[in-house]
Structures are given as C-alpha cells and as structure tokens.
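>>> Quick one, fold the following:
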Amino acid sequence: MNMEEFVEVAKTKDMKPGDSKVVFANGKEYALFNVGGKFYATQETCTHEEGPLGEGFLDDKVITCPLHGAMFDVTTGKVLGPPATKDIRTYETKVDGEKIFIKV
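As a prediction, the model looks like this:
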C-alpha cells in the first residue's frame, strides 16, 4: 500500500517570492514555486517534451517552460499556452516554521 506523506524539500529562507526550483522527495524530482509568499509544487517535467519546469520563468502564478515556452498555472496545474496541451500534476504543500513540505 502506497501512503502519501509530507516530505521536507526546502527552507522558506531559500525561496523568495517569484522563485522556482527543482526539489527532491523520495528519489523523485518536483518543481517548487513561491507565488507571493505561498508555496506550490508540481511535477518537474513539462507535458510537452519534458522540459525542466523548476528551471522555468515564473511570472506571478504562471510558469513558462524554458524549452519551448509552454505555460501552466502552478496553483492549478492547468495548461495556459502551447505547445503543451496536457495539464501538469500539482502536489499539496505545507509550511511548518521555515520548512517547506510537499505531499508525495
């Protein structure tokens, strides 16, 4: 049985508003974003050609894939712009003190 759990992936002091980064939890990569002081996590790879979303360009809540410019809403996972046509997966986050966790 595979139980989801919260795993610590970063510290709040390391992520200013507007930052995005690649984080690791249980041996897998995820993308973590700071949107106005609130943290969001998504799958790390773009649904178009697996570009690294954690290395993309975050503008408010929109991440733009650095490979081909596909755009997603990091708060919902919805695709906002081509060439991607499939949404990305999002993961629940929580902050405890200065620790950021994602549920994986």
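
>>> C-alpha only now, for contacts and for neighbours.
Fine.

>>> per-residue confidence at Met1?
What the model reports as pLDDT for Met1 is 54.

>>> Could I get the average pLDDT for the longest strand that the chain contains?
When the chain is scanned for its longest strand (criterion: DSSP state E), the result is strand 28-35. Mean pLDDT, strand 28-35: 98.

>>> And for stretch 51-59?
On average, stretch 51-59 scores 96.

>>> Just give me how far that stretch sits from the chain centre.
Put simply, stretch 51-59 sits 8 Å off its chain's centre (C-alpha atoms, centre = their mean, to the nearest Å).

>>> C-terminal to the longest strand of the chain, what's the next element?
strand 38-43 (DSSP states H and E).

>>> Partner strands of that next one, with direction?
Using DSSP bridges, the strands paired with strand 38-43 in its sheet are strand 28-35 (antiparallel), strand 90-91 (antiparallel).

>>> Could you tell me the end-to-end distance of stretch 22-32?
With C-alpha to C-alpha, to the nearest Å as the measure, stretch 22-32 spans 6 Å from end to end.

>>> which stretches of this protein form strands?
Going by DSSP E, the chain shows strands at 6-11, 20-25, 28-35, 38-43, 57-59, 62-64, 71-73, 79-81, 90-91, 93-96, 99-103.
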